[in-house]
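Chemist: Here is my input, please return the structure:
(2 chains, ligands or ions: 2)
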There are 2 protein chains.
Amino acid sequence: MTKTPITVAYGDGIGPEIMSATLRVLEAAGAELDIETVEIGEKVYKRGVDTGMDPGAWDSLRRTRVLLKAPITTPQGGGYKSLNVTMRKALNLYANVRPTIAYSPFVETKHPAMDLVIIRENEEDLYAGIEHRQTHQVYQCLKLITQPGSERVIRYAFDYARTNGRKKVTCFVKDNIMKLTDGLFHKVFDQIAAEYPDLEHETLIVDIGAARLANTPERFDVVVMPNLYGDILSDVTAEISGSVGLAPSANIGDGFAMFEAIHGSAPDIAGMNVANPSGLLLASVMMLVHIGQATVAERVHRAWLRTIEDGVHTRDIFRDGVSQKQVSTTEFADAVIARLGEQPQVLKPVSYREDAAIAHRKWQPVPKAHKQLVGVDVFLDWQPGSPDDLGHQLKAIGVGDLKLEVITNRGIKVWPNGLPETFCTDHWRCRFRKPEGAGVEPNEVVELQRKIVESGFDVIKTENLYTFDGVPGFSAVHG
Amino acid sequence: MTKTPITVAYGDGIGPEIMSATLRVLEAAGAELDIETVEIGEKVYKRGVDTGMDPGAWDSLRRTRVLLKAPITTPQGGGYKSLNVTMRKALNLYANVRPTIAYSPFVETKHPAMDLVIIRENEEDLYAGIEHRQTHQVYQCLKLITQPGSERVIRYAFDYARTNGRKKVTCFVKDNIMKLTDGLFHKVFDQIAAEYPDLEHETLIVDIGAARLANTPERFDVVVMPNLYGDILSDVTAEISGSVGLAPSANIGDGFAMFEAIHGSAPDIAGMNVANPSGLLLASVMMLVHIGQATVAERVHRAWLRTIEDGVHTRDIFRDGVSQKQVSTTEFADAVIARLGEQPQVLKPVSYREDAAIAHRKWQPVPKAHKQLVGVDVFLDWQPGSPDDLGHQLKAIGVGDLKLEVITNRGIKVWPNGLPETFCTDHWRCRFRKPEGAGVEPNEVVELQRKIVESGFDVIKTENLYTFDGVPGFSAVHG
Ligand SMILES: NC(=O)c1ccc[n+]([C@@H]2O[C@H](COP(=O)([O-])OP(=O)(O)OC[C@H]3O[C@@H](n4cnc5c(N)ncnc54)[C@H](OP(=O)(O)O)[C@@H]3O)[C@@H](O)[C@H]2O)c1
Ligand SMILES: NC(=O)c1ccc[n+]([C@@H]2O[C@H](COP(=O)([O-])OP(=O)(O)OC[C@H]3O[C@@H](n4cnc5c(N)ncnc54)[C@H](OP(=O)(O)O)[C@@H]3O)[C@@H](O)[C@H]2O)c1
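Modeler: Ligands and ions are numbered 1, 2, ... in the order given. Reported below is the predicted structural model:
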């Protein structure tokens, strides 16, 4: 077997200890790795590199395309950027994969039967970080859901389920409220599900889904969802499994992948040789599968399960009556090494197929719909007066028959015929359209803005209204 | 005591049964109510009223300002609007209050010690329902967080905690990512907390907070949060308490209030006299406190606790070995009535103060900061070519020294000096500023758009950039 080049970062705090332990196990198990070590994290930040990652580290990553990463310490304050956020977006790591499994009765949990994988969209949603304050009272963040982003992560979830012998893929969305954005994610889910008739699929509204996930996680298998829901709910599942310190994660893209534990650098126990290396070790198992070394992955994972069963536990999971022996980080690695080749007796033995490295189908752009401009939402910062005053003044402004149709405040209609009780902020959305939804020219939108600005209004933002193959690409107005 | 006028809606499905049972208990307990009955729900929708609420119902509500509401059935399909969403926004019901309590050992739960109240902002956040699709690939929803909306719900949470003998208020936000929007909610929370030195307060990042809430809910008391987080997490807490069918909720505004069970109209068991009226009955207890009839509220609530303790249970919570007697809806109401005046022996007896109707301080607008226009984000629908091509073309367009500064795609910088690996959608944000952040005139923003449109670009939206007292009202660019 030729060696696979990978990039390794030892990180900060407990990072070096758990990385050394992990690499020792991998070597003893016969992993064929050609390791390039890079520096990331606190020291790099403090040298003034605001992303926490040396240019040399990017070069290594471009060669190997695989990063095994120990946790880092993000310095407090200052203009430091999150290394993880930067890497996910810059390297298009669109899927965040988090298996969460209960190891009952060896690790305490209220949910002994849980065994699920949350796959979370990893780059977009509210995490695009596009925020604006444009009035005294109102702050805004853009939630972006894209067709390619949704398709990639959902397809990955189905491929993952199939390759890993899972039976069902569940999708969580809130498309009863967010009909366009979450509606897109739901629609793409249904389209892709149809290509995998061998797998069950279902969609739940995220609030009900979250309630079931927290109360009866054993009913779920693979769960795919947009970024924010996944961020919240993968922390919930890790916590209720009883084993935050054991949980690995993978960040997957078409060209790159990054593997790490879900915990941080735990500076309070750094250098004490007590940290549990399991999260990182299980992440390295995911990495071995990813690079096509499934047999080694299986050997490591089974030996690890056997070690947990034998009650050889680091301090964080040691419980009197359940555990047999409390060990250090290095002793734990030795115990796993001593069990290479052994099988778990109680816990489910894992199996990985040699072809388990998921073959990524390239994303194909969807055929283009016919797009037509049919109006514009012009947003104003305006002092709370009556909505009727505002309606009256704006009605007089128009470009040809591009005229004021409706005004909303925080999404609820306040003109015409608003309810007098509705509280209004200083943030007004004024929708301009033509009769019968007729087409609008881009320069008419510009001209409209010119007139509104000239009339002394504070135009703070615009949102054009388009139809796509005749279907409105904008939500109807409430109220 | 003079009678308090209230509006009552019997709703659909099991609604009429549980409302009758509830009103019988209230009457027997000596509630002084002057009831106006209105029709809402399925029949009204089907008569063609798209909000599900007769104009006559609005009139009654304007008189009484209090609605006790049984669940309704929302017809599937068609352009029906959610009655709850419309009412919340139109009547400015800014706080959604959901107490969740475990009634162990009488009702099964994995979390016997939980006793918390989630208070959720109820009108804004992503629920403003402002969505736009402006390119082939990208869909957008606006998340709006406002100063008045945040202040009202947070102040309500502290007032609620103080009035109800609670000790701690916890805030959940994601302001490590959404520094402006969730940052505002956090800042307002800190400001208001300082006015309540008798109460503890803490803030948790929502993912970690959710994990703790799901695993150890007993560590929380009152928890306040923006709309979406609260929607998801109040369903989680209701479910894990073991008693979705017992949970009430209140929607509170300065001028109006609405009280209901959290469950729906359960059409499958309608008319069978088996539904549990407890959710609505406990909602009516919250209503009694709200209208200043605390003594009656206490009498009803204690008799109800005693009934549950005595094992007199409707079918949904009946368990062999725990329950004593399975009863119908009407028999359950009779059992509560028979126990009026009695106290619970095991469960915590509730107490309500006569002055427990929370005195609402009117919201005061904050002093205005100096607002200055300093640039604009112009968004384009542009075919994925290289970001450098786009940068090159846009650099040539400018108004005076209002020039292209940076381009991002899904929030990550792609020009200048982007990483070649970054995947780009057809949705580009192009930020135009002047050197050293100098001021911009509104007509320069219009003129800039005119030039960009004239150059053949598809401008899909704009977001102006402002400073407030010199502080940027827009997020910095990642990457
Ligand atoms: N991906 C990443 O690189 C990443 C992720 C999260 C956080 N961080 C960073 O890590 C730093 C510390 O964050 P934090 O304290 O919030 O979270 P943390 O590092 O996960 O540590 C929290 C606590 O969990 C326990 N713990 C975590 N990992 C453990 C292990 N492998 N074995 C045994 N115990 C373990 C320790 O508890 P006891 O004290 O009870 O032993 C530790 O104090 C911060 O700078 C943060 O930014 C980095
Ligand atoms: N605020 C509201 O008005 C509101 C809220 C939510 C839903 N809804 C509407 O209600 C309709 C039905 O929705 P859904 O079936 O999803 O939810 P649901 O009405 O809450 O009913 C779900 C199931 O919960 C049980 N259940 C609910 N309330 C119960 C009670 N008081 N006593 C005993 N069992 C009870 C029943 O289960 P078993 O079959 O096991 O007995 C029922 O089938 C829909 O039209 C929905 O739009 C209205």
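
Chemist: dump the residue contacts of residue A:135.
Modeler: Residue A:135 is in contact with A:381, A:425-427, A:460, counting by C-beta atoms under 8 Å, 6 or more residues apart in numbering or on different chains. Bear in mind the C-beta positions are built from the backbone N, C-alpha and C, glycine included.

Chemist: Run a quick neighbour tally on the residue nearest to it when sequence neighbours are not counted.
Modeler: Counting by C-beta to C-beta, 6 or more residues apart in numbering or on different chains, residue A:381 is the residue found nearest to residue A:135 once chain neighbours are left out, at 4.1 Å. By other C-beta atoms under 10 Å in any protein chain shown, the residues close to residue A:381 number 21.

Chemist: Who are the contact partners of residue A:381?
Modeler: Neighbouring residues of residue A:381 by C-beta under 8 Å, 6+ apart: A:134-136, A:426-428, A:458, A:460, B:371.

Chemist: If you rank the residues you listed by neighbours, which is first?
Modeler: residue A:460 (28 neighbours).

Chemist: Local confidence estimate at it?
Modeler: What the model reports as pLDDT for residue A:460 is 97.

Chemist: any idea how far it is from residue B:22?
Modeler: To residue B:22, residue A:460 is 47 Å away according to C-beta to C-beta, to the nearest Å.

Chemist: same thing with residue A:381?
Modeler: In this view, residue A:381 and residue B:22 are 46 Å apart by C-beta to C-beta.

Chemist: repeat for residue A:337
Modeler: Taking C-beta to C-beta, one finds residue A:337 at 66 Å from residue B:22.

Chemist: Residue A:254 now?
Modeler: From residue A:254 across to residue B:22, the span is 58 Å (C-beta to C-beta).

Chemist: go on, residue A:453?
Modeler: Distance of residue A:453 to residue B:22, given as C-beta to C-beta: 56 Å.

Chemist: More neighbours: which of these two?
Modeler: The neighbour count for residue A:453 versus residue B:22, taken as other C-beta under 10 Å, is higher for residue B:22 (28 against 17).

Chemist: what helix or strand does that one sit in?
Modeler: Per DSSP states H and E: residue B:22 is located in helix B:15-29.

Chemist: Helices of the stretch 51-200 of chain A, start to end?
Modeler: Assigned helices in the stretch 51-200 of chain A, in chain order: A:55-64, A:83-90, A:147-163, A:181-193 (criterion: DSSP state H, counting those that start in this stretch).

Chemist: Identify all contacting residues around the least confident helix or strand in chain A by mean pLDDT.
Modeler: Scoring the helices and strands of chain A by mean pLDDT, DSSP states H and E places helix A:83-90 at the bottom, with a mean of 82. Here helix A:83-90 makes contact (C-beta under 8 Å, 6+ apart) with A:40-41, A:51-53, A:67, A:72, A:74, A:93, A:96, A:122-123, A:127, A:129, A:251, A:258, B:410-412, B:419, B:421-422, B:478-479.

Chemist: follow-up on the earlier one: to ligand 1, which of the helices of the stretch 51-200 of chain A lies closest?
Modeler: Of all the helices of the stretch 51-200 of chain A, it is helix A:83-90 that lies closest to ligand 1, at 5.7 Å by C-beta to the nearest ligand atom.

Chemist: centre of the chain versus the closest one, how much separation?
Modeler: 11 Å (C-alpha atoms, centre = their mean, to the nearest Å).

Chemist: quick one, that helix and helix A:55-64 angle?
Modeler: If you take axes from the mean of the first three to the mean of the last three C-alpha atoms, to 10 degrees, helix A:83-90 sits at 50 degrees to helix A:55-64.

Chemist: okay, now residue A:194: neighbour count?
Modeler: Residue A:194 has 9 nearby residues by other C-beta under 10 Å.

Chemist: Any figure for the gap between it and residue B:139?
Modeler: 21 Å.

Chemist: Give me the domain ranges for chain A.
Modeler: Following automatic domain parsing, chain A resolves into domains at A:1-92+A:241-360, A:110-228, A:371-472.

Chemist: Just name the most buried of those domains.
Modeler: Greatest average neighbour count among the domains of chain A goes to domain A:110-228 (a mean of 22), per mean count of other C-beta atoms under 10 Å in any protein chain shown.

Chemist: Quick one: check that one for contact with ligand 1.
Modeler: No - residues of domain A:110-228 contacting ligand 1 under C-beta under 6 Å from any ligand atom: none, with a closest distance of 13.2 Å.

Chemist: same deal with stretch A:329-342?
Modeler: No - residues of stretch A:329-342 contacting ligand 1 under C-beta under 6 Å from any ligand atom: none, with a closest distance of 8.1 Å.
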